[in-house]
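> mind folding the following:
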Amino acid sequence: MRYGAGVTRELGADLADRGHHRVMVVTDRVVAALPPVAAVLETLERHKIHVVLYDYVRVEPTDASLRDAIEVASRESCDAFVAVGGGSAIDTAKIANLYSTHPPADFLDYVNPPIGKGHAVPGPLRPLFAIPTTAGTGSETTGVAVFDLERMHVKTGISSRLLKPTLGYLDPEHTRTLPPPVTASAGLDVLCHAVESYTVIPFTDRPRPSRPALRPTYQGSNPISDVWSLQALRMVATYLVRAFDNPDDDEARGHMLLAASFAGIGFGSAGVRRRRCEAVLRARISGRSPACAARVLGDPQCTCGVPLHGVGESRAASFRRRGARRGCVARQKGGCGACARRPHHLVHAAAQCTRKSSRGRLQQRRHSDARSRHAGAGAVDHALSARG
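From the prediction side, this is the model:
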C-alpha cells in the first residue's frame, strides 16, 4: 500500500517502470465523471500508456455484470488492470483479471463452495493496481471478491491470495466527494470488519491443514490480524463521526481510508464471524423450509440444529406477495433462538424490500444520522470486552 494526498499521480510512473503499455481501467459511471478517474487518466496519458476504460461496473456486482467485464478484459488483452472506486469496482477488476488470465471451463469453477466448485487459482495473475474512493470494504488489501449470483439469489465469492492487488493507492483526496450517508455506511463497514475479525474463532481452535497450501484464506483471529483490527477500531472510534460531520476534514477522511485498509488486512487474514442462519441460502440449497444454513451445508461448527422460529413457508410466501425478499423474513425473526446467531442478509437486506413504505423510508432517514454517530465507540468497547 502507498498512502498520501495526491499519491494517485505516481500510478503512471509505476506502470511505465514495470513495462506496462496497455491497461484496463475498471470503474463505474458515477466515479468515471469524478476527479479520481480524471487523475488516473491524466497520469497514464502523461506516461504514454494506452487505456481501455471500462466504466460499466455495477454497484454490488452480479454474475451477469462480471461476465460483461470478463468479456471485455479477454478481448482487449491488457497487460495490467487499474481499479478505481469502491469494493464493487475492485472486486470486478479482480474477477475480470482472473477469468481473462485463466479462463475456467465453467463460471462457478473458482467460486467458493457450496455454491461453486472452489477450484484453486492455477497461477499468477496480471498486475492489479487498486485505488479506493470509499473508506469501507478494504478490498484493496484482500484476496477475496464477492458478487450476487442472481439465479440463486445469494451473495457468494472467490477467495485466493493470488487475487490480492499488486499495489493499493490510498489517496485521501478521492473521498472528499463522498456524501455523508455513504461516509457513514462505509465507516460502519470498516467497523464490522474490525469487530468481527477481532472476535472470530481463534486460529488455534481450527484444525491444522496437512499442507500449508491447504490453509484457508480466512484462518481465524491471530496475533497478527489482531494488531490491524484493533488499530482500525481505534481509528473508527476517533475519526468516523468527524468525517461524517465535516467533509472537509482531510485528517479524518485520511485516517478512515487507512482504517478501511487496516481492517481489510485484519479480516483478510482472520475472516469474519459467519452468519449461519440464513433463510435464502437454506431454501435455495436444500429446497426445504428455512432453518440453520450451517446444517444444510454440513458445517461442523454449528450445533444448534434449530430452525428459524416462526419463519415457515406460508409466512415467507406471504412476505413475497407483499414484495419483501426471503432474506428480510429471516432477519425479522432475529435469527436462531438456540445459538443466538443472527441471519446474514446477503443481497436481500431488509432495507432493500421493494414494498417498504414511504413512511418507513422517511423514518429511516431521520434516524440514520443518530445511529452512525453512536456506533463507533460503543462497538469498540463491546469488542474489547468480548475478547477480554
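> when you work out contacts or count neighbours from here on, use the C-alpha atoms and nothing else.
Will do.
> give me the helices and strands touching the helix or strand hosting residue 39, please.
Residue 39 belongs to helix 35-46 when assigned by DSSP states H and E. When contacts are defined as 3 or more CA pairs under 8 Å, 6 or more residues apart in numbering; DSSP states H and E, helix 35-46 sits against helix 11-17, strand 50-54.
> give me the contacts around it.
Residues outside helix 35-46 that contact it (CA atoms under 8 Å, 6 or more residues apart in numbering) are 8-13, 31-32, 50-51, 84, 133, 174.
> could you turn the buried ones of those into a PyMOL selection?
With 16 or more other CA atoms under 10 Å as the criterion, this PyMOL line picks the buried residues out of these:
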select buried, resi 8+9+11+12+13+31+32+51+84+133+174
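> dump the contacts of helix 35-46 into CSV; add pLDDT and distance to residue 266 as well.
Shown next, in CSV, are the contacts of helix 35-46 (pLDDT from 0 to 100; distance: CA to CA, whole Å):
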residue, pLDDT, distance to residue 266
8, 97, 24
9, 96, 28
10, 97, 27
11, 97, 26
12, 97, 29
13, 97, 30
31, 95, 27
32, 96, 30
50, 97, 35
51, 97, 33
84, 98, 22
133, 95, 20
174, 93, 23
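> switch the contacts of helix 35-46 over to CSV; also include distance to residue 254.
Putting those into CSV (distance: CA to CA, whole Å) gives the following:
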residue, distance to residue 254
8, 14
9, 17
10, 18
11, 19
12, 22
13, 23
31, 19
32, 21
50, 30
51, 28
84, 17
133, 11
174, 10
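> give me the residues contacting stretch 212-229.
Against stretch 212-229 from outside (CA under 8 Å, 6+ apart): 143, 159-161, 193-195, 197-204, 206, 208-209, 262-263, 265-271.
> just the buried members of those?
The neighbour count (16+ other CA under 10 Å) marks 143, 159-160, 193-195, 197-201, 203, 262-263, 265-271 as buried among the contacts of stretch 212-229.
> format the helices and strands packed on helix 35-46 as JSON lines; extra columns: distance to residue 245.
Listed next are the helices and strands packed on helix 35-46 as JSON lines, based on distance: least, CA to CA, whole Å:
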{"stretch": "helix 11-17", "distance to residue 245": "31"}
{"stretch": "strand 50-54", "distance to residue 245": "33"}
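> which residues in this structure form strands?
Using DSSP state E, the strands of the chain run over residues 2-3, 22-26, 50-54, 80-85, 128-132, 144-149, 154-159, 167-170.
> mind checking which of the buried ones among the contacts of stretch 212-229 are in helices?
193-195, 197-199, 262-263, 265-270 (DSSP state H).
> okay, the strands of the chain, which one's buried deepest?
Across the strands of the chain, averaging neighbours per residue (mean count of other CA atoms under 10 Å) puts strand 128-132 on top, at a mean of 29.
> same for that strand, what does it pack against?
In terms of contacts (3+ CA pairs under 8 Å, 6+ apart), strand 128-132 is packed against strand 80-85, helix 87-101, strand 167-170.
> can you give me the angle that strand makes with strand 80-85?
10 degrees (axes from the mean of the first three to the mean of the last three CA atoms, to 10 degrees).
> for this structure, what helix or strand is lowest in average pLDDT?
helix 293-297 (a mean of 35; mean pLDDT, DSSP states H and E).
> could you report the pLDDT at residue 215?
We have a pLDDT of 82 for residue 215.
> ok, it - how many residues close by?
Other residues within reach of residue 215, judged by other CA atoms under 10 Å, total 12.
> any chance of the ones in helices among the buried ones among the contacts of stretch 212-229 in TSV with distance to residue 252 and pLDDT as columns?
Output for these, formatted as TSV (distance: CA to CA, whole Å; pLDDT from 0 to 100):
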residue	distance to residue 252	pLDDT
193	19	93
194	18	94
195	20	92
197	23	93
198	23	93
199	26	91
262	15	97
263	16	96
265	20	95
266	21	94
267	22	92
268	24	90
269	26	91
270	26	91
